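[1] Sequence and predicted model, in that order:
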Number of protein chains: 2
Amino acid sequence: MRQGSRSHLARAITLVESTRADDRALARRLLAALGPDRGTSVRVGISGTPGVGKSTFVQTLGLRLTGRGHRVGVLAVDPSSPRTGGSVLGDKTRMPLLAAEPSAFIRPSPTAGTLGGVTRATASAIRLVEAAGHDVVLVETVGVGQSETAVSGMVDTFLLLALARSGDRLQGIKKGVLEIADVLAVNKADGDHVAESRAAAADLAAALRLVQGGSGAVPPVLTCSALTGDGIDEVWAAVRAHRDRLGADGLRRRRADQQVALTWSLVRDELEHRLRRDPAVRSVREDVETAVRDGALDAAAAADRLLAAFSS
Amino acid sequence: MRQGSRSHLARAITLVESTRADDRALARRLLAALGPDRGTSVRVGISGTPGVGKSTFVQTLGLRLTGRGHRVGVLAVDPSSPRTGGSVLGDKTRMPLLAAEPSAFIRPSPTAGTLGGVTRATASAIRLVEAAGHDVVLVETVGVGQSETAVSGMVDTFLLLALARSGDRLQGIKKGVLEIADVLAVNKADGDHVAESRAAAADLAAALRLVQGGSGAVPPVLTCSALTGDGIDEVWAAVRAHRDRLGADGLRRRRADQQVALTWSLVRDELEHRLRRDPAVRSVREDVETAVRDGALDAAAAADRLLAAFSS
C-alpha cells in the first residue's frame, strides 16, 4: 500500500469499513502500524447540496493538483448512499477524468448505514489514503443531516459550495452549515451567471460579517466555475491560506482535538447503537414512544424506562 | 400546587431537579399524575448573549402578559450557572417587578451541572409550571454551548434577541443559533439607537433571505426596546403568529416529536454520563486520550478500548 498500489489501498479501506469483529482487530493492527500522523497532508471537506456542481468541482480541482505533482485522494461521506446502484457518492463515473489519473484515488462513501459507522470508516480511510502517499485528501459530503458536522470534525478546512441562480437567494446553503464553513465559493459563475454570482458572493460576505458579531474570522466568499476552471486556483489558495493561518502547532492541536472528540463521538454512537439493538429495549421501545407521544409518559420517565430495559 | 401555591410549585421543581433515586421515583409519580399535555400553553424560548437585555425583556414582556390576565412562568437553562451566588440566571433580583407580580413565577436555572441534567429538569419543570396554571412559559437561556438547541427542543417558538451597536455588525448572534430562531428581535432600539437598530434588522432580514436557499419560512426580524416597551407587543404578536401557523395539529405533533427526541437525548446523556463515571473507564481514559493526541492510537481503536473498559 505504501508503494502506492491502488488495489492494496482499496482493500485496506474495505477492511476499516468492515464491522466484523475479526476485521476490526486486523484494522486496528493496520492503523497502529501506520504510526503517528505527521500533519503534512492537506485535509479538505467539500460540501454543497446536489446541483451545486460538487463532482465537477472536485474533478477540476483534483486535476489541477495532480497536474502540479500532488497525489490526491477523494473520499465521500454519504450515510444515505444505497448499497448498490450507480448513484453512490464518489462513484468514479462522476469524475471520469480524475479517476483515469494515476496519482488520484477515488473512493465512494462506505455504506455502513449509520453516520457513526460512516464517520468511523472515513476517519480511518483518511489515514490510509495519506499513508499510501496522497498529500491532499478531499472529503466530499452531500450534506445529509449531520454529515457536514462529522466531516468538519476530520478535516483542516471546510469548503462550502453554493449557487446563485434565483436572484436574491443562494442555493446550496442549508441550515447549520454556514457556521462550519471556513471558505465559501459560489460555483457555476460562468456565462450569463458571472455577474449574479459575484453579486451573490458579495451579499453573502456582507451577511456573514453582519451576523458574526465581531467574534472570529469571517470566512472568505469567492466565485468560481468548475466547468471553465475560472477561480479554482483562487479557491484553493483560500483553502491553503485558512490552513496556513492555523500554523504547524495550531494544525497539530486541531487534529489532536479532533481525534479526541471523534473518539468520544464514536463511543457515544456505539453505545446508542447497542441500546437500540438491545432485545429488551426493542421490546418496550414502541410502547414507550407511543406513551410519550400521547403524553401518558414524561420524557424523563420514558428515558429511565428505556435505560432500565437496557441494563436488565 | 394546582391551587397556584408558589411554594408547592417550587418544591415540586426541586424534586424533579433532584438526582437522588428516591426523589426520581417520586418525581415520576408526580409527573404521571399531571396527565397528558393539553397543548393549551404557549412555550417560548428566549436567547441572546449577555448584554442584549434579556432580563429586562423578560420582565417587560412578562408584566404586559400578566397585565392582560396571563399567568407567566419563567424558567432558565444555564448549565454554567454556579451553585451559589447572586449571578444565577433567572435570579429574581434581575426581574424585581415581575418577581413581585403574584401571577408570575420565576425559577433560576437548575445547577445539575451537565446540560443533560439541566435539560431533563427543565423539561419536567415546564409541565409543572403549566400544571400550576401558568398559560405562558418563557424559557430563558444565556446560550452557553448547546443550551439553545436544548431549549429549542422544548418550546413552541424560539426568540433570539440581538443588539445593534457597532455599525455593521450585530451583537448577540452566536454561531449556530440563527438557524433555530423562529423570531428575531433587535433589542435596545431606543434613544439614539432607533435608526441603527432598524437598519441592522433590515440587513439581518435580507441576510436571512439570502442564505435560506428558498426552503422554509424566513423568520421575521423586528426591533424593540425592553426599556421603553416600544415594539414589545409586536414581538409577542410575531411569536404568537409563529405558533398559530403550526395549527393545533401541528403543535401537537411538534410537541410529541420533541418529547420523543428528548427521551432519546436523555438516554444518550445518561449512557455517556455512566461511561465517564465508570471506574474502569476513568482508569484508562487519560492514557487513551494521550495516545490519541500523540497519534499513537487511532480514534476507532481508542473508542473500542474505552468501550471494552466500560463493558468489562
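    That came in fine, so what should we check first?
[2] tell me the secondary structure for residue A:243?
    For residue A:243, the secondary structure call by DSSP: H, G, I helix; E, B strand; the rest coil comes out as helix.
[3] For the stretch 1-150 of chain A, which residue gets nearest to chain B?
    residue A:36 (3.0 Å; C-beta to the nearest C-beta). For every residue, glycine as well, the C-beta is placed using N, CA and C.
[4] For that residue, which residues are in contact?
    When contacts are counted by C-beta atoms under 8 Å, 6 or more residues apart in numbering or on different chains, residue A:36 touches B:294, B:295, B:296.
[5] ok, of those residues, which one's closest to residue A:258?
    Using C-beta to C-beta, residue B:295 is the member of the contacts of residue A:36 that lies nearest residue A:258, at 11.5 Å.
[6] Got phi/psi on that closest one?
    phi 80, psi 10 (degrees, to the nearest 10).
[7] Let me know the secondary structure of the residue nearest to it when sequence neighbours are not counted.
    In this structure, residue B:295 finds its nearest non-sequential neighbour in residue A:36, 3.0 Å apart by C-beta to C-beta, 6 or more residues apart in numbering or on different chains. Recorded secondary structure, residue A:36: coil (three-state DSSP).
[8] Please report the distance of residue A:36 from residue A:165.
    Distance from residue A:36 to residue A:165, counting by C-beta to C-beta, to the nearest Å: 45 Å.
[9] got it, and residue A:23?
    For residue A:23 relative to residue A:165 (C-beta to C-beta), the value is 45 Å.
[10] What of residue A:304?
    Applying C-beta to C-beta, the value for residue A:304 to residue A:165 is 50 Å.
[11] Then residue A:137?
    30 Å.
[12] Between the two, tell me which one has more neighbours.
    Set residue A:137 next to residue A:165 and count neighbours by other C-beta atoms under 10 Å in any protein chain shown: residue A:137 wins out with 24 against 18.
[13] in what helix or strand does the more buried one lie?
    Assessed by DSSP states H and E, residue A:137 sits inside strand A:136-141.
[14] Quick check: pLDDT value at residue A:239.
    pLDDT, residue A:239: 98.
[15] so how far is the helix or strand hosting it off the chain centroid?
    In this assignment (DSSP H and E), residue A:239 forms part of helix A:232-277. Distance of helix A:232-277 from the chain centroid (C-alpha atoms, centre = their mean, to the nearest Å) equals 10 Å.
[16] That one and chain B, are they touching?
    Yes - counting by C-beta under 8 Å from any C-beta of the partner chain, chain B has neighbours in helix A:232-277: A:256, A:259-260, A:262-264, A:266-268, A:270-272, A:275.
[17] after that helix comes which helix or strand?
    With DSSP H and E, the next secondary element past helix A:232-277 is helix A:279-294.
[18] Pull out the buried positions in that following helix.
    Buried residues in helix A:279-294, defined by neighbour count with 16 or more other C-beta atoms under 10 Å in any protein chain shown: A:281, A:284, A:285, A:288, A:289, A:291, A:292, A:293.
[19] got the angle between that helix and helix A:232-277?
    In terms of direction (axes from the mean of the first three to the mean of the last three C-alpha atoms, to 10 degrees), helix A:279-294 departs from helix A:232-277 by 100 degrees.
[20] Worst mean pLDDT across the helices and strands of chain A, which element?
    strand A:170-171 (a mean of 72; mean pLDDT, DSSP states H and E).
[21] packing partners for that one?
    strand A:157-164 (3 or more C-beta pairs under 8 Å, 6 or more residues apart in numbering or on different chains; DSSP states H and E).
[22] residues contacting residue A:124?
    Taking C-beta under 8 Å, 6+ apart, one finds A:13, A:16, A:27, A:31, B:298, B:300 in contact with residue A:124.
[23] SS state for the fourth one?
    Put plainly, it is residue A:31. helix.
[24] residues touching the nearest residue to it once chain neighbours are set aside, list them.
    The shortest distance from residue A:31 to any non-neighbouring residue, by C-beta to C-beta, 6+ apart, is to residue B:298 (4.1 Å). Contacts for residue B:298 were tallied using C-beta under 8 Å, 6+ apart; they are A:28, A:31, A:32, A:123, A:124, A:127, B:292.
[25] and the two most separated of the residues you listed?
    A:32 and A:123 (14.5 Å).
[26] Which one's more surrounded, the two?
    residue A:123 (27 against 12).
[27] how about the residues of the stretch 1-150 of chain A near chain B?
    A:16, A:24, A:27-28, A:31-32, A:35-37, A:49, A:120, A:123-124, A:127.
[28] Present the buried residues of helix A:279-294 as CSV; the columns should include distance to chain B.
    Below are the buried residues of helix A:279-294 laid out as CSV (distance: C-beta to the nearest C-beta, whole Å):
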residue, distance to chain B
A:281, 9
A:284, 12
A:285, 10
A:288, 7
A:289, 5
A:291, 10
A:292, 5
A:293, 4
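[29] of these, closest to residue B:104?
    Taking C-beta to C-beta as the measure, residue B:104 sits nearest to residue A:292 out of these, at 29.6 Å.
[30] so what's the closest one up against?
    Counted by C-beta under 8 Å, 6+ apart, residue A:292 has contacts A:298, A:299, A:302, B:256, B:259, B:260, B:263.
[31] go with 7 Å
    Contact analysis of residue A:292 by C-beta atoms under 7 Å, 6 or more residues apart in numbering or on different chains lists A:299, A:302, B:259, B:260, B:263.
[32] Does anything pack onto the strand holding residue A:137? Which helices or strands?
    The contact analysis (3 or more C-beta pairs under 7 Å, 6 or more residues apart in numbering or on different chains; DSSP states H and E) places strand A:136-141 against strand A:42-47, helix A:54-67, strand A:72-77, helix A:115-131, helix A:147-152.
[33] Which among these is found nearest to residue A:227?
    Per C-beta to C-beta, nearest to residue A:227 of the helices and strands packed on strand A:136-141: helix A:54-67, 6.3 Å.
[34] And the contacts of that closest one?
    Contacts of helix A:54-67 (C-beta under 7 Å, 6+ apart): A:46, A:48, A:72, A:74, A:94-95, A:97-98, A:101, A:103-104, A:136, A:138, A:140, A:161, A:187, A:226-227, A:229, A:232, A:236.
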